[in-house]
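Participant: return a 3D structure for these sequence lines:
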Amino acid sequence: MKSHRKYIAIFFLALSGFFILFLSILLKGIIFNILVQVDNDLFTQFLLARERLREDTKAVYSDVVIVGIDDRTLNKLGVYSPQKYRRYHVDVLVNILKGQPKAVVYDILFGDSHDDPEVDRKLSEVMKKGHVFSVCFGSDHDRSGGMFKPLGFNIPQNLNMTFESEKGFEPILPAIFNSLEGSGLANVYPDRDGMLRKVPVFFNVNDKLYSTIAFEVFRKINGISHSEILIEDGKITSGGTTIPVDNYCRAYVNIDKKHRIRGISFYDVLAGRVPGRFFRDKVVFMAATATGLGDMKLVPLYGYIAGVRIHANLLLNLIYKNFIREISGKHYYFLIFFASLFYTYIFYMRHELSPFKMITNYISDIGIVTRVGEIILKVPLLNRFYGVIKKKGKKSYGLKIFFLVFSEIRQRLAPLFIHLVILYLALFLIFYEFNIFIKPSAVMIQLLIAYIVVLEFKRIDFSEILPAGKSSK
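Facilitator: Numbering: from 1, shown residues only. Predicted coordinates:
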């Protein structure tokens, strides 16, 4: 086959290998579901490897603090109830505002009136003295009477994006709501396996967009108006910060321990054991964090954590711009096709690429098999056992068959195995260095498909259909 015909064959083989996987993903069949689960598992493995490699990195406490109604608080103040603890919120907020924090964010819904109207009045009056925010919750039925309409803005036209949607809101006490500097949604939606990996940045409620609480706090403390927010396919730009999002306007929550969040007991703040100056220029989240209060979310690597930590970490991602980016959509399909083309070329041409072949043979023969074998055979017991097997192998037909099959499998699969290892390490290093998650499973399967397609193609004898005197090479 002439030289240019080789490249034509490589291109069409790569194209056919690509469509095998592409059609499965596009049709969302069984393979698609398997790929999603494998990618989720590998994402967790990437996070684990990253944490282990960064164990010696010096962590610093961020300016984000969580004041939690924790187990210690419950032991000191008794069983939690909204009515009982709302009295405590007044004194706790007074102590925090003495330090002039950047913001105080309640991850607590003030939906019902207190039995004593004076308690709600005092709390609302204290809230007016600082930059206080509170979460709100979307629901299937609107019970808010339209109180959140001023917070919404129009959905940009021509967006190829499907927003997480709710039909309405749960209400907030009007006295409390009117005392807040801002409010944002706290709804989060786990993936099908129950794991929470991403959080919506904007929600669609009755054809208006409303931001998540972390983004609303970030926007207000940085003086960013709604007109400065640009929502595009795959990203949100706001005040010089670009937030990578998926087709559902969701961003990965990157729990990076390099910027730690300090946790303080609600009881200690109430008792005056934390000086007000500690909260100066900090963002303080207030929430129920005790294990028995039910607001726990399952996240990769860290297991169950308090829901408030999801919002606090998303705020840190906004502050430090350390988002996890993901290649998706048409860019990901292009990457898969490139992988198909690249590996089809490598496997098709590997007998002609002498430097590459030499490196591959060295790694497979010397680096993996021979060196490991030499180390193992230095153990006296194993050396004697190997000698016995080798002696019997010369006489045993069954052992001869085994070693022959083993040798053939090793020669055929060693290049494939080496490529898979190199590809996996490359994808991890991209994640580690640049916070870019390239879903590994489809790319690695495309490598395998390229290997099989080339292997099967080269078994075809084209000499039978060529004119006499012509060669297929």
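Participant: please make it C-alpha for all contacts and neighbour counts, starting now.
Facilitator: OK.
Participant: residue 199 is in what secondary structure piece?
Facilitator: Assessed by DSSP states H and E, residue 199 sits inside strand 198-200.
Participant: direction included, what does that strand pair against?
Facilitator: Paired neighbours of strand 198-200 in the sheet (DSSP bridges): strand 250-252 (antiparallel).
Participant: neighbouring contacts of the strand it pairs with?
Facilitator: With contact meaning CA atoms under 8 Å, 6 or more residues apart in numbering, strand 250-252 is reached by 197-202, 243-245, 323-325.
Participant: what is the mean pLDDT for stretch 216-233?
Facilitator: On average, the pLDDT along stretch 216-233 is 95.
Participant: endpoints of that stretch, how far apart?
Facilitator: Its start and end residues considered, stretch 216-233 measures 20 Å (CA to CA, to the nearest Å).
Participant: same deal with stretch 430-448?
Facilitator: 21 Å.
Participant: just the buried residues of that stretch, please?
Facilitator: 431-432, 435-448 (16 or more other CA atoms under 10 Å).
Participant: most widely separated two among those residues?
Facilitator: 435 and 448 (26.0 Å; CA to CA).
Participant: one step back: which of the contacts of strand 250-252 sits closest to residue 146?
Facilitator: residue 202 (18.3 Å).
Participant: any idea how far the closest one is from residue 245?
Facilitator: Taking CA to CA, one finds residue 202 at 10 Å from residue 245.
Participant: can you show me the strands along the stretch 101-250 of the chain?
Facilitator: For the stretch 101-250 of the chain, the strands defined by DSSP state E, counting those that start in this stretch cover 103-106, 132-136, 138-139, 164-166, 168-169, 182-185, 198-200, 202-205, 208-211, 229-232, 235-238, 241-244, 250-252.
Participant: now render those strands as JSON lines, adding distance to residue 92 and mean neighbour count.
Facilitator: As requested, the strands of the stretch 101-250 of the chain are exported to JSON lines (distance: least, CA to CA, whole Å; neighbours: other CA atoms under 10 Å):
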{"stretch": "strand 103-106", "distance to residue 92": "11", "mean neighbour count": "26"}
{"stretch": "strand 132-136", "distance to residue 92": "13", "mean neighbour count": "24"}
{"stretch": "strand 138-139", "distance to residue 92": "27", "mean neighbour count": "19"}
{"stretch": "strand 164-166", "distance to residue 92": "33", "mean neighbour count": "19"}
{"stretch": "strand 168-169", "distance to residue 92": "27", "mean neighbour count": "20"}
{"stretch": "strand 182-185", "distance to residue 92": "20", "mean neighbour count": "23"}
{"stretch": "strand 198-200", "distance to residue 92": "29", "mean neighbour count": "23"}
{"stretch": "strand 202-205", "distance to residue 92": "31", "mean neighbour count": "24"}
{"stretch": "strand 208-211", "distance to residue 92": "27", "mean neighbour count": "21"}
{"stretch": "strand 229-232", "distance to residue 92": "34", "mean neighbour count": "16"}
{"stretch": "strand 235-238", "distance to residue 92": "33", "mean neighbour count": "18"}
{"stretch": "strand 241-244", "distance to residue 92": "33", "mean neighbour count": "18"}
{"stretch": "strand 250-252", "distance to residue 92": "32", "mean neighbour count": "23"}
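Participant: same list (the ones you listed) but as CSV, adding distance to residue 79.
Facilitator: Output for the strands of the stretch 101-250 of the chain, formatted as CSV (distance: least, CA to CA, whole Å):
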stretch, distance to residue 79
strand 103-106, 20
strand 132-136, 23
strand 138-139, 27
strand 164-166, 32
strand 168-169, 28
strand 182-185, 27
strand 198-200, 31
strand 202-205, 34
strand 208-211, 33
strand 229-232, 43
strand 235-238, 42
strand 241-244, 40
strand 250-252, 35
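Participant: can you count the residues close to residue 325?
Facilitator: Residues contacting residue 325 under the criterion other CA atoms under 10 Å number 21.
Participant: now it. Nearest residue, chain neighbours left out?
Facilitator: residue 436 (4.6 Å; CA to CA, 6 or more residues apart in numbering).
Participant: give the contact list for the one you found.
Facilitator: Contacts here follow CA under 8 Å, 6+ apart; on that basis residue 436 touches 324-327, 430.
Participant: how about residue 13?
Facilitator: With CA under 8 Å, 6+ apart, residue 13 has these contacts: 344, 450, 453-454.
Participant: that one - that's part of a strand, no?
Facilitator: No: assessed with DSSP: H, G, I helix; E, B strand; the rest coil, residue 13 is helix; it does not lie in a strand.
Participant: buried residues, the longest strand seen in the chain. List them.
Facilitator: Counting residues, the longest strand found in the chain (DSSP state E) is strand 60-69. Neighbour-count burial for strand 60-69, counted by 16+ other CA under 10 Å, picks out 63-69.
Participant: same question, stretch 68-88
Facilitator: 68-71, 73, 80, 86-88.
Participant: ok, residues contacting that stretch?
Facilitator: With contacts defined as CA under 8 Å, 6+ apart, stretch 68-88 is touched by 114-115, 119-120, 263-267, 270, 286-291.
Participant: report the beta-bridge partners for residue 202.
Facilitator: As for beta bridges, residue 202 partners with residue 211 under DSSP bridges.
Participant: flag whichever of the contacts of residue 436 scores worst on pLDDT.
Facilitator: Lowest pLDDT among these: residue 327, 92.
Participant: mind checking pLDDT for the residue nearest to that one when sequence neighbours are not counted?
Facilitator: Nearest non-adjacent residue to residue 327, counting by CA to CA, 6+ apart: residue 438, 5.7 Å away. At residue 438, the predicted lDDT confidence score is 96.
Participant: kindly report the same for residue 447.
Facilitator: With respect to pLDDT, residue 447 has a value of 93.
Participant: what of residue 115?
Facilitator: Looking at residue 115, its pLDDT stands at 94.
Participant: out of the buried residues of stretch 430-448, who's nearest residue 180?
Facilitator: residue 435 (35.1 Å).
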